[in-house]
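K.L.:
sequence first, predicted coordinates after that:
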Amino acid sequence: MSSHLIVHGGAPLKGRVTPSANKNAVLPVLCATLLTREPVRLRGVPDITDVRKILDVFRSLGSSVSVDFESGILDLHHRDTRFDPVQDRLPEEMRSSIMLVPGLLARFGAARIEDDVKGCTLGAREIDPHVEVFERFGAQVERGGHGLLLRAGAALRPNHHWTDYASVTTTENFVLCAALADGTSTLMNAASEPHVQEFCQFMAMLGARIEGAGTSRLAIHGVRELGGGEFSFTEDFHEVVTFLALGAITGGDVRVKNSRPDQFPLIDRTFAKFGVRVLHDDGWSRAVVDGKLKVKEPFTPNILPKVEAAPWPYLPVDLLPIFVALGVKAEGSVMFWNKVYDGGMCWTTELAKFGAHAFQSDPHRTVTFGGKPLAPAEVESPYIIRVAIALLMVAASIPGKSVIRNAAPVRRAHPRFAENITRLGAQVEWVETCAKP
Ligand SMILES: CC(=O)N[C@H]1[C@@H](OP(=O)(O)OP(=O)(O)OC[C@H]2O[C@@H](n3ccc(=O)[nH]c3=O)[C@H](O)[C@@H]2O)O[C@H](CO)[C@@H](O)[C@@H]1O
Ligand SMILES: C=C(OP(=O)(O)O)C(=O)O
């Protein structure tokens, strides 16, 4: 079964929208709940496929799971749980599956990593930095059927570690292991993305002792046990940017609830490179285009304006496709540089189907020559959430019917996405089919 998005583009998107929570904050938090035997209540939990997969794991462990996606309230209680690391399988095709390991080790002294925990097909996405973290905390790792099997003794061993690069989920796994380790652990080159910070806030609410959240050095003082409690998620900055960009690319006027404009200065400057002014006022953000989308000329002669994406506080790499879509529409040329992934720019051929001129100059870089006339098209999304969104953005800006084939990755991160943008005036519908729509 495949899920395609049918888009009748050309309508300017207008209105107000409240974003959901950030999948990349919600998932490590869900994994972290395995570390406590006390009840946890989460508010603002989005109805996305990755969340459903983790909740299915909890049910199979025997945990109490009560979720109401309408209100976004999730009650979890992991008390009498059971797990067989050889027989039981964990979710695949999602990166966060790897963050179940510390909770399983803490409960059962055993865990597993499935063969496919790459998530979006953005490139290599190695697991070695994770394995290294688990080994430093004292786990033994060996290859088993369909993945790796891990075993650890009673308490994990505190340690001092410096990673090759600032990895989001490796940092989160380090914190998850260190929270209950027998002493103080430190991590250098820690990731500091907003979702890593939000995850650390949740851990602190459970009673974890973390210093340096939001910086590149974390110190975690292990505690004997963690408690329970309540936690509310904030708005997802990926969704804030997505809705703003959809308003801008369709010539509309979308206002998006955003309680963290302090995280936006670089994002706002990136929008400005395409002629989009982002205004933040009273908890709401708004994208304004004066005239038409146009690339801002640099003062330096004979250079290409560029957008660089890298670990925070750079522009987040998952936002890059959204700006590529703006680059295709804006008059002028821009170089996009994905400093993280070696396979994140593979989709320029799909843009060409709309008549766009985009050139992939190497695995990390693409140049857009924007402002060319575009026509509706049938395009194929790779298994990359934000690329499906970027293709939809381009389609929504062109009058006529386009089809985004295999757009299901959208459902991994954006709940009720088609409904949300339909309320803003888009004409979008899902089609589930075995055949071509
Ligand atoms: C569930 C979750 O939170 N997923 C996010 C998380 O994935 P994830 O934690 O898997 O991403 P990492 O930060 O580990 O980076 C992914 C890959 O990029 C490469 N790499 C990364 C950084 C670097 O400086 N050098 C380098 O080579 C490595 O091959 C690495 O495996 O962070 C990514 C980078 O923000 C986001 O795209 C993902 O949405
Ligand atoms: C790449 C993403 O997620 P994952 O790491 O789960 O594949 C994403 O959220 O854009």
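P.N.:
Cool, got the structure. Ligands and ions are numbered 1, 2, ... in the order given.
K.L.:
quick one: low-confidence parts of this structure?
P.N.:
The model of the chain has pLDDT under 70 over residues 435-437.
K.L.:
with just CA atoms, put stretch 369-382 into CSV.
P.N.:
What follows is stretch 369-382, C-alpha atoms only, in CSV (Å, rounded to 0.1, in the frame of the first residue of the first chain):
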residue,chain,number,x,y,z
PHE,A,369,18.4,28.8,-10.2
GLY,A,370,14.9,30.0,-9.2
GLY,A,371,12.1,32.0,-10.6
LYS,A,372,11.6,29.9,-13.7
PRO,A,373,8.1,29.1,-14.9
LEU,A,374,6.8,25.9,-13.2
ALA,A,375,4.1,23.4,-14.2
PRO,A,376,2.2,20.9,-12.1
ALA,A,377,3.8,17.4,-12.1
GLU,A,378,3.7,13.9,-10.7
VAL,A,379,6.8,13.5,-8.5
GLU,A,380,8.2,10.8,-6.2
SER,A,381,9.3,11.5,-2.7
PRO,A,382,12.2,9.7,-1.2
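K.L.:
quickly check: that stretch near ligand 2 or not.
P.N.:
No: on the criterion Cβ under 6 Å from any ligand atom, stretch 369-382 is out of touch with ligand 2, staying 11.2 Å away. Heads up, the C-betas are built off the backbone N, CA and C, glycines and all.
K.L.:
any idea how far that stretch is from the middle of the chain?
P.N.:
Its chain's C-alpha centre and that of stretch 369-382 lie 24 Å apart, by Cα atoms, centre = their mean, to the nearest Å.
K.L.:
one more: stretch 414-430?
P.N.:
Centre to centre, stretch against its chain (Cα atoms, centre = their mean), the figure for stretch 414-430 is 19 Å.
K.L.:
same check on stretch 119-129?
P.N.:
On the basis of Cα atoms, centre = their mean, stretch 119-129 is displaced by 14 Å from the centre of the chain it belongs to.
K.L.:
confirm residue 37 sits in a strand?
P.N.:
No: using DSSP: H, G, I helix; E, B strand; the rest coil, the assignment for residue 37 is coil, not a strand.
K.L.:
from what I can see it touches residue 79, true?
P.N.:
Yes: at 5.9 Å, residue 37 counts as touching residue 79 under the criterion of Cβ atoms under 8 Å.
K.L.:
so the two - more neighbours on which side?
P.N.:
Higher neighbour count among residue 37 and residue 79: residue 37, with 15 against 10, using other Cβ atoms under 10 Å.
K.L.:
residue contacts, that one?
P.N.:
78-79, 225 (Cβ atoms under 8 Å, 6 or more residues apart in numbering).
K.L.:
redo these as CSV? Include distance to ligand 2 and secondary structure.
P.N.:
Shown next, in CSV, are the contacts of residue 37 (distance: Cβ to the nearest ligand atom, whole Å; DSSP: H, G, I helix; E, B strand; the rest coil):
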residue, distance to ligand 2, secondary structure
78, 22, coil
79, 28, coil
225, 29, coil
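K.L.:
ok, and for stretch 160-173, which residues are buried?
P.N.:
161, 163, 166-173 (16 or more other Cβ atoms under 10 Å).
K.L.:
what's the neighbour count on the spatially closest residue to residue 43 that is not a sequence neighbour?
P.N.:
Spatial nearest neighbour of residue 43, chain neighbours left out: residue 232 (4.1 Å); criterion: Cβ to Cβ, 6 or more residues apart in numbering. Residue 232 has 13 neighbours, counted by other Cβ under 10 Å.
K.L.:
thinking residue 232 is in contact with residue 44, fair?
P.N.:
Yes: counting by Cβ under 8 Å, residue 232 does reach residue 44; the two are 5.5 Å apart.
K.L.:
in strands only, show me the buried residues of stretch 160-173.
P.N.:
Residues of the buried residues of stretch 160-173 located in strands (DSSP state E): residue 161.
K.L.:
do stretch 26-33 and ligand 2 meet at all?
P.N.:
No: for stretch 26-33, no contact with ligand 2 is found by Cβ under 6 Å from any ligand atom; the gap never falls below 7.4 Å.
K.L.:
give me the contacts around that stretch.
P.N.:
The contact list for stretch 26-33 (Cβ under 8 Å, 6+ apart) reads 40, 42, 45-46, 50-51, 54-55, 58, 76, 78, 94, 96, 99-100, 102-103, 169, 172, 176, 195, 198-199, 202-203, 206, 231, 233.
K.L.:
now do 6 Å
P.N.:
Here stretch 26-33 makes contact (Cβ atoms under 6 Å, 6 or more residues apart in numbering) with 40, 50, 54, 76, 96, 99-100, 103, 172, 176, 199, 202.
K.L.:
with stretch 47-61 instead?
P.N.:
Against stretch 47-61 from outside (Cβ under 6 Å, 6+ apart): 23, 27, 30, 65, 69, 81, 83, 91, 94, 411-413, 415.
K.L.:
buried only: go through those residues for me.
P.N.:
Here, 16+ other Cβ under 10 Å leaves 23, 27, 30, 65, 81, 83, 91, 94, 411-413, 415 buried among those.
K.L.:
circling back: can you add distance to ligand 1 and give the buried residues of stretch 160-173 back as TSV?
P.N.:
Formatted as TSV, the buried residues of stretch 160-173 follow (distance: Cβ to the nearest ligand atom, whole Å):
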residue	distance to ligand 1
161	14
163	9
166	6
167	3
168	3
169	3
170	6
171	8
172	7
173	9
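K.L.:
farthest pair within the buried residues of stretch 160-173?
P.N.:
The most widely separated members of those, counting by Cβ to Cβ, are 161 and 168 (15.5 Å).
K.L.:
would you map out the domains in the protein?
P.N.:
Per automatic domain parsing, the structural domains of the chain span 2-20+235-433, 23-232.
K.L.:
does the first one come close to ligand 1?
P.N.:
Same thing as domain 2-20+235-433. Yes: applying Cβ under 6 Å from any ligand atom, one finds domain 2-20+235-433 in contact with ligand 1 at 311, 316-318, 340-341.
K.L.:
how far away from the center of its chain is that domain?
P.N.:
The gap between where domain 2-20+235-433 is centred and where its chain is centred comes out at 15 Å by Cα atoms, centre = their mean.
K.L.:
need the distance between the two termini of that domain.
P.N.:
By Cα to Cα, to the nearest Å, the extent of domain 2-20+235-433 from end to end equals 5 Å.
K.L.:
any bit of stretch 110-124 sitting next to ligand 2?
P.N.:
Yes: using Cβ under 6 Å from any ligand atom, a contact is recorded between stretch 110-124 and ligand 2, made by 119-120.
K.L.:
OK, contacts around the residue of the stretch 1-150 of the chain found nearest ligand 1?
P.N.:
Going by Cβ to the nearest ligand atom, ligand 1 is nearest to residue 24 of the stretch 1-150 of the chain, at 3.6 Å. Residue 24 is in contact with residue 195, counting by Cβ under 6 Å, 6+ apart.
K.L.:
just the CA trace of the helix or strand encompassing it, in CSV.
P.N.:
If you go by DSSP states H and E, residue 24 is part of helix 23-32. The C-alpha trace of helix 23-32 is given here as CSV (Å, rounded to 0.1, in the frame of the first residue of the first chain):
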residue,chain,number,x,y,z
LYS,A,23,8.7,14.5,17.0
ASN,A,24,12.4,14.7,17.8
ALA,A,25,11.6,15.8,21.3
VAL,A,26,8.6,13.5,21.9
LEU,A,27,10.3,10.3,20.9
PRO,A,28,13.4,10.5,23.2
VAL,A,29,11.0,11.5,26.0
LEU,A,30,8.9,8.4,25.3
CYS,A,31,12.0,6.3,25.4
ALA,A,32,13.1,7.9,28.6
